[in-house]
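> A predicted structure for the sequence below; I have some questions about it.
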Amino acid sequence: MTTTSPAGAPAVNPLRKGLASDRIADPCNIVFFGASGDLVKRMLMPAMWNLRLEGILPTSFGIIGFSRTEYTDDQFREEMRKAVEQFSRNPPKDPLWSDFAKHVFYVSGDFDDDNCFRELREALERNDKELGTGGNRLFYLSTPPSVFGKIIDKLDKDQLGPRDNKAGWTRVVVEKPFGTDLDTARALQAEVEKVFDEKQVYRIDHYLGKEPVQDIMALRFANVIFEPIWNRNYVDSVQITAAETVGVEQRGGYYDNAGALRDMIQNHVMNLLALVAMEPPVSADADSIRDEKFKVLRAVRPIEPARVSLDTARGQYDAGAIAGKPVPAYRDEPDVRPDSNTETYAAVKLWVDNWRWADVPFYLRSGKRLARKMSEIAIRFKPIPHRLFGEAGEQLENNVLVMKIQPEEGISLRINAKVPGPKMHLRAVSMDFNYGTGFGVVSAPAYERLIGDAMRGDATLFTRWDAVERAWVIVMPILERWQSTEDQSFPNYNAGSQGPQAADRMLAMDDRDWRKI
């Protein structure tokens, strides 16, 4: 898939020829609250380094870390260098790293300390003057949700909010979870909108930054062969899977108060459903796309309390083996209650009550300690109306289009084909496309794309408040039932397995099966 120029220049992939520069135009400061935490070390600072390495960051930029840990600027820079060495796909190298580090600063303090926020304001103003950052500010809340409101309030009171910034733009990036239920989400939104307009708020979902997720719209709306059959006339069902092999790791305290429904289904998986089921937007701008996503979520039928036991399934992993190594049961993990009723697996059947999708079930599932790490969207088409070929005893599979999100990134189309030979034997075969092979590049981690988009002011891949609220409305009947009733079967699936039998029974009632993980 690559060619060499006549002058002997490096090989150029023809699929990438003529693409415009991705460099961010506006100078800006980005402030990471919670800068000593794992997210900044593992994801955010490596993302900033790679954006700089690839020439995407603006020429004039500043990075300011803010957290309780006591660091000087130089100590913080050294910690970030170690983090980039450990977690980035591109290790730090001089002289570029030394130049990058000159743009990195640190403020130490509590999130309720006015003096620290005044120090932050001074650092921002100094960067505007010395680095030419133009008064543009991106505040990234890489903190527990419990302090989101406190930080936003301090930004406003200490003249760091958008109302007091006359020189440039001010935006805020908010990590998930946005609330722990519908009421807390609405309360948090009330705090946010006191200071920021909706167009200044970027609610991040890293799943939306993955290349295959971004390609869902391209697959549908740039290929005439798919969109005409993307409806109830041809689609039998849709399965969306987000499976992990890891357990709760060091997040037992958080996870035991969250669970798979809150942690994955309400945000990541629901966003995937919206992208798959949305109508064509009137244009490619952020609001048009997000309008259509919201319309889909508004059309999703909330599960009636009486049907929760029929249209959902939950599970909790027991001890087992992952990659041949024994792993403990969920209730034996650190900081998890020994009698925990928290689900580590959630499966939900939803219906989209509109003209396009009436009668098409959407099956959503996510779980920890499953057989394989796998995230995918599978569109299962209806069977052929009349059989012409193949032996009588041969089973013809339904055509399936699979959008593979991780760890593989690509598209697979399952079709029936004739086996070579004199007789008409049919077998299912796959036509596969892989992003890395097709474009000759390794996809950048999602946070690189999303941070860059927030700096550009492109909200396409960020979640709007109305969609967040609607997603909570959809899952609340399930959440309330699960919280009020103890599942006596827990733990009900072994680590390294396909999940609980309750999920299999849910699909068996519809004469369908889950795709194998």
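Yep, it's here. Numbering: from 1, shown residues only.

> okay, domains of the protein per the record?
26-175, 208-386+464-508 (automatic domain parsing).

> ok, which of these comes nearest G438?
Closest of those to G438 is domain 208-386+464-508, at 10.9 Å (criterion: CB to CB). Every C-beta, even on glycine, is put in place using the N, C-alpha and C of the backbone.

> start to end distance for that closest one?
Domain 208-386+464-508 has an end-to-end distance of 31 Å (CA to CA, to the nearest Å).

> what's the answer for stretch 198-213, then?
For stretch 198-213, the first-to-last residue distance is 24 Å (CA to CA).

> now the strands for the stretch 201-350 of the chain?
Here the stretch 201-350 of the chain has its strands, by DSSP state E, counting those that start in this stretch, at 201-203, 235-243, 312-315, 317-318, 320-322, 325-327, 345-351.

> tell me, how many residues neighbour the residue lying closest to E409 once chain neighbours are set aside?
Excluding the flanking residues, the one nearest E409 by CB to CB, 6 or more residues apart in numbering is Y435, at 4.4 Å. As a burial measure, Y435 scores 19 neighbours (other CB atoms under 10 Å).

> let me know the pLDDT of Y435.
Per-residue pLDDT puts Y435 at 78.

> thought S443 was touching it, still the case?
Yes - using CB atoms under 8 Å, Y435 is in contact with S443, at 5.7 Å.

> what sits in contact with each of those two?
Residues touching both Y435 and S443 (CB atoms under 8 Å, 6 or more residues apart in numbering) are 211, 409.

> from L44, how far off is the residue sitting furthest away from the middle of the chain?
No residue in the chain sits farther from the centre than P422, which is 48.9 Å out by CA atoms, centre = their mean. Note on P422: its distance to L44, by CB to CB, to the nearest Å, is 61 Å.

> what about the closest residue to Q200 other than its chain neighbours, how many neighbours?
Once flanking residues are discounted, Q200 sits nearest to R171: 5.0 Å by CB to CB, 6+ apart. As a burial measure, R171 scores 22 neighbours (other CB under 10 Å).

> I'd assumed R171 was in a strand, is it?
Yes - R171 sits within a strand when classified using DSSP: H, G, I helix; E, B strand; the rest coil.

> tell me the contacts of it?
137-139, 196, 200-202, 454, 457.

> give me that answer again for 10 Å
28, 30, 136-140, 162, 196-197, 199-202, 454-455, 457, 459 (CB atoms under 10 Å, 6 or more residues apart in numbering).

> V172 now?
Contacts of V172 (CB under 10 Å, 6+ apart): 31, 33, 137-141, 148, 151-152, 155, 161-162, 192, 195-196, 200-203, 454.

> go on, V475?
Taking CB under 10 Å, 6+ apart as the contact definition, V475 lies against 181-182, 261-262, 265-267, 270, 302-303, 312, 346, 348, 350, 482.

> next, it: secondary structure please.
When states are read from three-state DSSP, the local structure at V475 comes out as helix.

> tell me the confidence at it?
96.

> from now on call the first residue 4
Yes, from this point I'll number from 4; that puts the last item at V478.

> so how far is R359 from it?
22 Å.

> quick one, grab the pLDDT at the residue positioned nearest the centre of the chain.
With distances taken as CA atoms, centre = their mean, the residue of the chain nearest its centroid is Y210 (1.7 Å). On pLDDT, Y210 comes in at 82.

> that one touches I268, doesn't it?
No - applying CB atoms under 10 Å, one finds Y210 not in contact with I268, separated by 11.9 Å.

> overlap in contacts of these two?
Counting by CB under 10 Å, 6+ apart, the shared contacts of Y210 and I268 are A245.

> returning to what we had before: between the strands of the stretch 204-353 of the chain, which gets nearest to R293?
With distances scored as CB to CB, the stretch of the strands of the stretch 204-353 of the chain nearest to R293 is strand 204-206 (10.9 Å).

> list of residues touching the closest one?
With contacts defined as CB under 10 Å, 6+ apart, strand 204-206 is touched by 141-143, 155, 174-179, 181, 192, 195-196, 198-199, 270, 453-454, 456-458, 460-462, 464-468, 470-471.

> and these, which of them are in strands?
Under the assignment DSSP state E, the contacts of strand 204-206 contribute 141-143, 174-177 to strands.

> now pLDDT and distance to V403 too, for these, in CSV please.
Listed next are those as CSV, based on pLDDT from 0 to 100; distance: CB to CB, whole Å:
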residue, pLDDT, distance to V403
L141, 97, 41
F142, 97, 43
Y143, 97, 39
R174, 96, 40
V175, 96, 41
V176, 96, 36
V177, 93, 36
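
> what residue ranges in the stretch 204-353 of the chain score low on pLDDT?
Applying pLDDT under 70 to the stretch 204-353 of the chain flags no residue at all.

> please repeat the previous calculation with a cut-off of 80.
Confidence mapping of the stretch 204-353 of the chain against pLDDT under 80 gives the ranges 253.

> export stretch 298-313 to CSV, keeping only CA atoms.
Only the C-alpha atoms of stretch 298-313 are listed here, as CSV (Å, rounded to 0.1, in the frame of the first residue of the first chain):
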residue,chain,number,x,y,z
LYS,A,298,-32.8,12.1,18.5
VAL,A,299,-31.8,8.4,18.6
LEU,A,300,-31.5,8.4,22.4
ARG,A,301,-34.8,10.2,22.7
ALA,A,302,-36.3,7.4,20.6
VAL,A,303,-34.9,4.6,22.8
ARG,A,304,-37.7,3.0,24.8
PRO,A,305,-36.8,3.0,28.6
ILE,A,306,-37.3,-0.5,30.0
GLU,A,307,-40.4,-0.8,32.1
PRO,A,308,-39.7,-1.9,35.7
ALA,A,309,-41.7,-5.1,35.2
ARG,A,310,-39.5,-6.1,32.2
VAL,A,311,-36.1,-5.4,33.8
SER,A,312,-35.7,-9.1,34.7
LEU,A,313,-36.5,-10.1,31.1
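
> centre of the chain versus it, how much separation?
22 Å (CA atoms, centre = their mean, to the nearest Å).

> list the buried residues for it?
298-300, 302-303, 306, 311 (16 or more other CB atoms under 10 Å).

> which of the residues you listed lies closest to R515?
I306 (17.9 Å).

> what's the separation between the closest one and L367?
For I306 relative to L367 (CB to CB), the value is 12 Å.

> and V476, by the same measure?
For V476 relative to L367 (CB to CB), the value is 16 Å.

> of these two, give the one with the bigger neighbour count.
L367 (23 against 15).

> pretty sure that one sits in a strand.
Yes - assessed by three-state DSSP, L367 belongs to a strand.

> mind checking pLDDT for it?
Reported pLDDT for L367: 98.

> ok, now which ones touch it?
The contact partners of L367, by CB under 10 Å, 6+ apart, come to 241-245, 264, 267-268, 271-273, 275-276, 315, 349-353.

> hey, what's it bridged with?
Note on L367: beta-bridge partners by DSSP bridges are I243, V351.

> and it, how far is that from W52?
35 Å.

> I59: neighbouring residues, count only.
By other CB under 10 Å, the residues close to I59 number 20.

> is it true that it touches W52?
No - the pair I59 / W52 is not scored as a contact, 11.0 Å apart, by CB under 10 Å.

> surely F79 and K44 touch.
No - using CB under 10 Å, F79 is not in contact with K44; the gap is 11.1 Å.

> compare those two (neighbour count), which wins?
Using other CB under 10 Å as the criterion, F79 and K44 rank with F79 on top: 25 against 19.

> if I pick that one, what's in contact with it?
For F79, the contact set (CB under 10 Å, 6+ apart) comprises 38-39, 48, 66-68, 70, 72-73, 104, 107-111.

> got phi/psi on it?
Taking degrees, to the nearest 10, you get phi -70, psi -40 for the backbone angles of F79.

> good, we can wrap up now.
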